[in-house]
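Peer 1: Provided below for reference: sequence and predicted model.
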Amino acid sequence: MSVIPNIVHFVYIKERDWKLHHYLAVKSALVKAKADSVKIWLDEEPEGEWWDKTKPLVSVHKVKPPIEIFDKPITQPAHKSDVIRLQVLIQEGGIYADTDVIFVKPFTDLLNNDFVMGHQGIDGCEGLCPATMLGAKDSKFAKEWLAGFKDTFGGGPPGSDTWCTHSVSYPRWLAQQMQHGITIVDHEAFFLPLYHQDHIEMLFEKDISFPNAYSHHLWESSGKKYLDEMTIEKIKNENTTFTRLVKDLI
């Protein structure tokens with residue numbers, strides 16, 4: 001029996017609209033990753049066409065986003081999500097993915113582990129990214145990581161020095177201390193292409209195959225202009241990496 005349940009968890013804090021690519025992320029978890037179920041943890045349900053299409057595919061779980069951790073205020077929605085995703089994996093176990101992650105294939109061969117993360121950048125030069133990760137219930141690594149927020153969480157805005165110290169840099173450091181508590185997959189597994197402009201163009205302007213990928217992070221902020229303008233018609237008619245990945249989901 002697998003240690004990590006084949007359940008996909010998404011976290012949504014109502015700061016953005018629920019768009020086509022969010023629906024496709026959920027659909028890909030069911031169709032491509034063949035998840036046993038998909039759960040969305042949210043403070044308020046979004047509205048609109050794509051949420052109406054998404055809701056029948058998931059189980060919805062209300063959660064109150066944290067406003068502080070270790071007496072440090074949490075103001076950024078992304079940081080609230082950082083806490084919730086770890087709490088969910090500790091509580092239930094499963095596969096966590098950001099709402100802008102498209103699954104490519106099942107994670108079956110990764111499930112017999114305690115915790116799994118992927119390099120962001122070649123050899124993890126940028127750290128370990130939490131946008132896609134897997135954990136067994138009560139994972140020791142997840143618990144140690146969450147406890148480490150006491151010393152690493154700075155709560156800064158995007159682009160600040162403390163934006164990702166607790167979420168990208170710290171898990172890389174912790175993995176070096178707990179080598180038997182975590183399995184690390186290379187940068188091709190979850191995070192290629194990256195968020196740099198030439199990589200975003202690989203997703204939305206070119207058609208490139210990534211044979212070693214389990215999933216792709218769409219880097220919603222960097223790819224915003226493409227995702228905001230994405231339609232069913234474009235997916236049907238354009239031939240790009242992204243449209244090829246999702247044509248069979250529409």
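Peer 2: Nice, I can see it.

Peer 1: following the longest helix along the chain, which helix or strand comes up?
Peer 2: Determined from DSSP state H, the single longest helix within the chain is helix 77-92. Downstream of helix 77-92, the first helix or strand assigned by DSSP states H and E is strand 94-97.

Peer 1: Check which helices and strands that next one sits against.
Peer 2: Secondary-structure packing of strand 94-97 (3 or more C-beta pairs under 8 Å, 6 or more residues apart in numbering; DSSP states H and E): strand 7-12, helix 20-31, helix 77-92, strand 128-135. Heads up, the C-betas are built off the backbone N, CA and C, glycines and all.

Peer 1: Centre of the chain to the helix or strand following it, how far?
Peer 2: On the C-terminal side of strand 94-97, the nearest following helix or strand under DSSP H and E is strand 101-103. The chain centre lies 8 Å from the centre of strand 101-103; the measure is C-alpha atoms, centre = their mean, to the nearest Å.

Peer 1: pLDDT on strand 101-103, on average?
Peer 2: Mean pLDDT, strand 101-103: 98.

Peer 1: Against which helices or strands is it packed?
Peer 2: Using 3+ C-beta pairs under 8 Å, 6+ apart, strand 101-103 sits against helix 20-31, strand 215-217, helix 241-246.

Peer 1: what lines up beside the second one in the sheet?
Peer 2: Taking DSSP bridges as the criterion, strand 215-217 forms sheet pairs with strand 101-103 (antiparallel).

Peer 1: Any buried residues in the strand it pairs with, and which?
Peer 2: Of the residues in strand 101-103, 101-103 count as buried by neighbour count, 16 or more other C-beta atoms under 10 Å.

Peer 1: For F191, state which of the residues you listed is nearest.
Peer 2: Comparing those against F191 with C-beta to C-beta places V101 closest, at 9.9 Å.

Peer 1: Show the contacting residues for the closest one.
Peer 2: The neighbours of V101, taking C-beta atoms under 8 Å, 6 or more residues apart in numbering as the test, are 25, 131-132, 190, 215-218.

Peer 1: which one of those has the most neighbours?
Peer 2: Sorting the contacts of V101 by how many neighbours each has (other C-beta atoms under 10 Å) puts L218 first, at 29 neighbours.

Peer 1: Would you enumerate the residues in contact with the residue lying closest to V31 once chain neighbours are set aside?
Peer 2: Spatially, and ignoring its direct neighbours in sequence, V31 is nearest to L249 (6.1 Å; C-beta to C-beta, 6 or more residues apart in numbering). By C-beta under 8 Å, 6+ apart, the residues touching L249 are 24, 27-28, 31-32.
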